[in-house]
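1. Next input, structure requested:
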Amino acid sequence: MKNILFKKYLVFAMILFGVLFFARSSWAATYYVRTDGHDTNCNGLADYSVSHGNPCAFLTVKKGVNTATAAGDTVTIHAGGYTGEGIIVSAANGSSGNLITVQGYPGETVSLTNIKITHNYNKFDHFTLTLPGTSCDGSQAAMILGGNNNIVSNCYVYGTPVDSCNTKCPIGVLFDGGSYNTVLGNTFEGYFTYIFAMHGANNTIQNNTIKNIIDIERIFDALFVSSSITDGTIITGNEIYNYTSPQTICSNHPDIIQVVDQGGLSSAKNWVITNNYFHDSTASISENGAGARTTGWNIRNNVFANIRDAANFVTPNTVIQNNTFFQVALTQAGVMSVSNNTAEIRNNVIIGAIAGPTHGMIDIQGGATPTLGYNFFSLPKANGYGTRDSTAFNAIKGTGSINGGDPKFVAAYDNCITSACDFKLQADSLLKDMGATLTGFSTDKDGITRPQGSSWDIGAYEYIGAAPPPDTTPPNPPTGVAVI
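-> All right, here's what the predicted structure looks like:
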């Protein structure tokens, strides 16, 4: 009898737990903020002004954020300038699949100074951030991401001019020690010292636009502090262009990516840099000098076009595959410098570097013997995509490489801002079906499966051919229906 009662109570308890769990999932609330709301006379649960009577919207963003403390809660903010509230700081943890979301109302401009996420599973979306920081320690960056599994998306950040590199340091994003955070689909423009100050592992920077940047030190800086741990960083789908360095404000050495030895404390292992479009910039592609603490980088399916200075890849076990380097480092000894035996450089388009013919396109330093092969090398477009010096080419070609010839891009120009470039291949490109079959990935920059022909293509894009013409054949009439 006791066992029967126990089983009944157990079944009842399980049913009750299920009911409570289901009910809890419906507790998530949406709070509203409006410039005609009120923080004490409204509970925030309706999208009305205070004159409508409670329920109505809150007046301040901070009130909404501090009220939305349950996983799955949302704060929706209507158009207006809320910069007088200062930095907006997260208030609670969400959970996996139930983020706490703070968002601007779709199609409206909501202006904040900056945001700081110190909790987990939060999302801030669709804001204009007006204060990307004036402190060199990152404490006033436009976006500060501590905690884990957070997202900041669809924001616009303009960096205001600084009076000196030493007194003001506008920063776009500080990854402040957290992990698995994502910066997605944002736009950064103007004056900065760094766009992304890296200090956290397994973070993702995806589909952002970084444009019209002036006198900046770095786009991606992995040594914001000497002990930065940036292992597992993913940089994918971003576009960077018109990164200029007139040095009227800062005298610097501009790099798109920098990792430099800092007393042996930093770590930037296993970065993935893929499917990006970096073009028309007076900067170096990368400066990488942290030795063994930056092993295992994957650099794939990127387009680097019309960039002034070369890439420095000294990271052990670096894989550089299926990238298009178009007119990079024209006056330098090589498009990229490599100084370790464990690098693999295959299936790349490498155009540029008219100086230093004894080095060729890849400046192999210190007697290194990287794995090379199936790359295309040529002089710039203005030189008719001419062949390299034969001595230099033979020293660096590897199996299956091609020396010179028109790669037949769809559209390639000396300036991809004034004229839209398209580095996909034409049907008669000599790069088609000339690459090696690689492992670790199987698509091109646009997600097209490789190969489309008999073998992989060289460069960032796989040729897919023209779309077939539409079928204009009239359909057969149904059986038994007369044709008139």
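2. Contact partners for S111?
-> G80, G81, Y82, T83, F127, T128, L129, T130 (Cβ atoms under 8 Å, 6 or more residues apart in numbering). The C-beta positions use only the backbone N, C-alpha and C, and glycine is treated the same way.
3. what ranges do the helices span in this protein?
-> According to DSSP state H, the chain carries its helices in the segments 2-25, 61-67, 390-396.
4. Name the residues that touch stretch 119-127?
-> Contacts for stretch 119-127 (Cβ under 8 Å, 6+ apart): 71, 88, 90-96, 98-106, 110-112, 115, 117, 143, 147-156.
5. just stretch 404-424 next, same as before
-> In contact with stretch 404-424 (Cβ under 8 Å, 6+ apart) are residues 241-242, 279-280, 303, 305-306, 324, 326-327, 349, 351, 376-379, 381-382, 384-388, 425-426, 428-431, 459-461, 463.
6. And the buried ones among these, selectable in ChimeraX?
-> The buried residues among the contacts of stretch 404-424 can be selected in ChimeraX (16 or more other Cβ atoms under 10 Å) with this line:
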select :241,242,279,280,303,305,306,324,326,327,349,351,376,377,378,379,381,385,388,425,429,430,431,459,460,461,463
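7. What about the contacts of stretch 404-424, which are in strands?
-> 241-242, 279-280, 303, 305-306, 324, 326-327, 349, 351, 376-378, 425 (DSSP state E).
8. what about V225, how many residues close to it?
-> V225: 16 surrounding residues under other Cβ atoms under 10 Å.
9. Contact partners for it?
-> Contact partners of V225, counting by Cβ under 8 Å, 6+ apart, are H199.
10. For the stretch 351-484 of the chain, which residues score under the pLDDT cut-off?
-> 355-360, 366, 466-484 (pLDDT under 70).
11. where's the residue nearest to P380 when sequence neighbours are not counted relative to K211, distance?
-> By the measure of Cβ to Cβ, 6 or more residues apart in numbering, the closest residue to P380 outside its immediate chain neighbours is Q327, 5.0 Å from it. Going from Q327 to K211 by Cβ to Cβ, to the nearest Å gives 19 Å.
12. do the same with V225
-> 27 Å.
13. what does F441 give?
-> Relative to K211, and taking Cβ to Cβ, F441 is found at 27 Å.
14. ditto for D428
-> Taking Cβ to Cβ as the measure, D428 falls 34 Å from K211.
15. next one: G138
-> Taking Cβ to Cβ, one finds G138 at 22 Å from K211.
16. Comparing those two, which shows the higher neighbour count?
-> G138 (20 against 16).
17. and the more buried one, what does it touch?
-> I144, I171, L174, D176, A197, F224.
18. G373 too?
-> The contact partners of G373, by Cβ under 8 Å, 6+ apart, come to I345, R346, K397, G398, T399, G400, S401, A436.
19. And the pLDDT for T295?
-> pLDDT recorded at T295 is 83.
20. and it, how many residues sit next to it?
-> Counted with other Cβ under 10 Å, T295 comes out at 19.
21. Would you mind confirming that it makes contact with F313?
-> No - assessed by Cβ atoms under 8 Å, T295 is found out of contact with F313, at 11.9 Å.
22. so I345 makes contact with G334?
-> No - using Cβ under 8 Å, I345 is not in contact with G334; the gap is 11.4 Å.
23. can you list residues touching both of these two?
-> With Cβ under 8 Å, 6+ apart as the test, I345 and G334 both reach I362.
24. separation between T439 and S90?
-> 41 Å.
25. Please apply the same query to E287.
-> 34 Å.
26. Who has more neighbours out of those two?
-> Between E287 and S90, S90 has the larger neighbour count (other Cβ under 10 Å), namely 27 against 21.
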